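**Q** Starting from these lines, generate the structure:
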Amino acid sequence: MKTRAAVAWKAGQPLEVTTVDLAGPKTGEVLVEKVSLPAIARRGEPFDVQVLLNNVGRGDGAAAPVGGTLELLRRRGDRTTLLSRQKVELPAGKRPFAVRQTLEDADFYVYEAVFTPDD
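**A** As a prediction, this is how the structure comes out:
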């Protein structure tokens, strides 16, 4: 699978955006495919953080459901806050989740979703 990435070919050199080859997902993996938010979030107004999980299965659409925990984290400076932790059961294929949020302070935030299987 080809994708675009920022690559540092040598230490201390600037990043170069280029096309790289990545191995595709392996059978049985669960991928966090996307974390998306609205382009603008106003202070005090609720919005949804959308997370898209993909239970890859065998590649033919068949797979055993995978149970696990989905966590949503928010970073602000050097502080990380756990916003949501929920047990989920994922059938084969893609499944969206939404977590409602409200920001009280204007700042730069980074969101991260983490899926941990039950095994």
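**Q** can we go C-alpha only for contacts and neighbour counts from here?
**A** OK.
**Q** Not counting its own residues, what contacts stretch 83-97?
**A** For stretch 83-97, contacts defined as C-alpha atoms under 8 Å, 6 or more residues apart in numbering pick out 50-57, 61-74, 99.
**Q** Filter these down to the ones in strands?
**A** 50-55, 66-74, 99 (DSSP state E).
**Q** Now for those: which two are most distant?
**A** Spatial extent of the ones in strands among the contacts of stretch 83-97 (C-alpha to C-alpha) is set by the pair 66 and 74 at 24.9 Å.
**Q** one step back: show me which of the ones in strands among the contacts of stretch 83-97 are buried.
**A** 50-55, 66-68, 70-72, 74 (16 or more other C-alpha atoms under 10 Å).
**Q** Dump those to JSON lines, plus distance to residue 16 and pLDDT.
**A** Below are these laid out as JSON lines (distance: C-alpha to C-alpha, whole Å; pLDDT from 0 to 100):
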{"residue": "50", "distance to residue 16": "29", "pLDDT": "97"}
{"residue": "51", "distance to residue 16": "28", "pLDDT": "97"}
{"residue": "52", "distance to residue 16": "28", "pLDDT": "96"}
{"residue": "53", "distance to residue 16": "29", "pLDDT": "96"}
{"residue": "54", "distance to residue 16": "29", "pLDDT": "92"}
{"residue": "55", "distance to residue 16": "32", "pLDDT": "91"}
{"residue": "66", "distance to residue 16": "37", "pLDDT": "89"}
{"residue": "67", "distance to residue 16": "38", "pLDDT": "91"}
{"residue": "68", "distance to residue 16": "36", "pLDDT": "93"}
{"residue": "70", "distance to residue 16": "33", "pLDDT": "97"}
{"residue": "71", "distance to residue 16": "32", "pLDDT": "97"}
{"residue": "72", "distance to residue 16": "30", "pLDDT": "97"}
{"residue": "74", "distance to residue 16": "27", "pLDDT": "95"}
